[in-house]
Structures are given as C-alpha cells and as structure tokens.
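1. Would you be able to build a 3D model of this:
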Amino acid sequence: MVGYSLLKEVVDRLLDKQVGAIFQGCAEFGARALGNRSIICDPRLPDGKDIVNSIKNREWYRPFAATVLEEYAHEWFIMGKLKSSPYMLFAVQTIPDKIKQIPAVVHVDGTCRPQTVNASENLIWYNLIKEFNNATSVPMVLNTSLNIAGEPLAHTEEDAMSILKRSKLNFIYFPEMEGIIE
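-> Modelled structure (predicted):
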C-alpha cells in the first residue's frame, strides 16, 4: 500500500487525541466534506465534538458527522433500505449499544449523519479509515469540512495552511505530497 507509514502516523496522531485534516485531490462540490478537504478526529473521544467546535470557532452544540467504511455501516447505524450514504444526506439512528463508543459523532437524539466510503470511491480516504479501524475496531472517523466558521472550504494548499496557522488544528495530511505538516 502506497503511503502506509504515513497512514499509520495519521492514525497514531488521532489515537494521541490530536485533531488533523486531510487535503487531497479536487475540492468537493456542495455542503459536505467527503474526504478531500476534511478535518478529522477520533470519534471515540468524549469531548471530541467540543474540541473540533473550538478549532472551527463554532457554537458548542453543533454536531459532527462520521465517515464509516461502507461494509460496516449497518453494524453501527440503522440504515434501513440504504446500502450506502456517500454524501451525508441522511440522519439515521445509531445502534443503541454503539452510541457510547462514538460520542463525538452521535447527536443528542441518538442519530448520526454518516458518510459511507468504499475503496472505489476514494481509496486514500478509505485506507485511512481502514487503518483507524485496524487500530481501534471502530470503522469510522469524525469528519467535518476543512474550514473555520464563516469561511469557505479550503480550496488550495495555501488555504489549508492558513487554517492550520490560525487554528488549534494539530496537522494536515497531504497524501499527494506524501507528507504531514504540523
């Protein structure tokens, strides 16, 4: 796997309670971060939502979504007839015995707005979450847009670096440059 040591380093940083970002490929179009311009965090952190809201300068009550490996989505969320949800369009109930395992991405009503991902849709994003799952048995990460409240999504590398400098974000993973910037 190309860049395996970097994926492992990103996961190690998340396990060390750091909040990072991934910047790859073309920017997403629309209202959601789908793994190309995303802030990422360990969804198991009890205060993960508060930490990320602080980084983004958002209100304390604002919830976050998860990106989950598609093949595990039905083990964590009540997806109904949905086979996948690649664009975070649906709020679904979290399976009750899983809620305490992923407090940073479960809303107060027990729902989550998951994005499912598979290897054919976004291989690097998929492999990052797969590596996180290998380390934690939790097949997802907290995912939100790479921006600060009131600002547009980071479009260029310079935009991303500006966010890193002006926030409490710990690092940005640039897969195409094969690097992590602190």
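
2. Tell me which helix or strand comes right after the longest helix along the chain.
-> When the chain is parsed with DSSP state H, its longest helix is helix 123-136. Using DSSP states H and E, the next helix or strand after helix 123-136 towards the C-terminus is strand 140-145.

3. So which elements touch the helix or strand following that following strand?
-> Downstream of strand 140-145, the first helix or strand assigned by DSSP H and E is helix 157-166. Packed against helix 157-166 by the contact rule (3 or more Cβ pairs under 8 Å, 6 or more residues apart in numbering; DSSP states H and E) you find strand 20-23, strand 171-174. C-beta here means a position set from N, CA and C on the backbone, and glycine is covered the same way.

4. Quickly run through the sheet partners of the first one, with directions.
-> Which is strand 20-23. strand 37-41 (antiparallel), strand 171-174 (parallel) (DSSP bridges).

5. so where is the chain shaky, pLDDT-wise?
-> Flagging of the chain using pLDDT under 70 yields the residue ranges 1-2, 30-31.

6. hmm, try it at 50
-> 1 (pLDDT under 50).

7. How about the residue nearest the centre of it, nearest residue that isn't a chain neighbour?
-> Closest to where the C-alpha atoms of the chain average out (Cα atoms, centre = their mean) is Asn143, at 2.4 Å. Spatial nearest neighbour of Asn143, excluding adjacent residues (Cβ to Cβ, 6 or more residues apart in numbering): Thr67 at 4.3 Å.

8. Am I right that Glu176 is in contact with Cys26?
-> No. Between Glu176 and Cys26 there is no contact under Cβ atoms under 8 Å: 11.1 Å.

9. neighbour-wise, which of these two wins?
-> A count of neighbours by other Cβ atoms under 10 Å puts Glu176 above the other of Glu176 and Cys26, at 11 against 8.

10. just checking, that one is part of a helix?
-> Yes. With DSSP: H, G, I helix; E, B strand; the rest coil as the criterion, Glu176 is part of a helix.

11. who are the neighbours in contact with it?
-> Neighbouring residues of Glu176 by Cβ atoms under 8 Å, 6 or more residues apart in numbering: 24-25.

12. And the nearest residue to Ala119 once chain neighbours are set aside, how far from Glu59?
-> Spatial nearest neighbour of Ala119, chain neighbours left out: Tyr126 (4.7 Å); criterion: Cβ to Cβ, 6+ apart. As for Tyr126, its distance to Glu59 is 31 Å (criterion: Cβ to Cβ, to the nearest Å).

13. give me phi/psi at the residue of the chain most remote from its centre?
-> Distance from the C-alpha centroid of the chain, by Cα atoms, centre = their mean, peaks at Lys81 (23.9 Å). Here is the backbone geometry of Lys81 (degrees, to the nearest 10): phi -80, psi 0.
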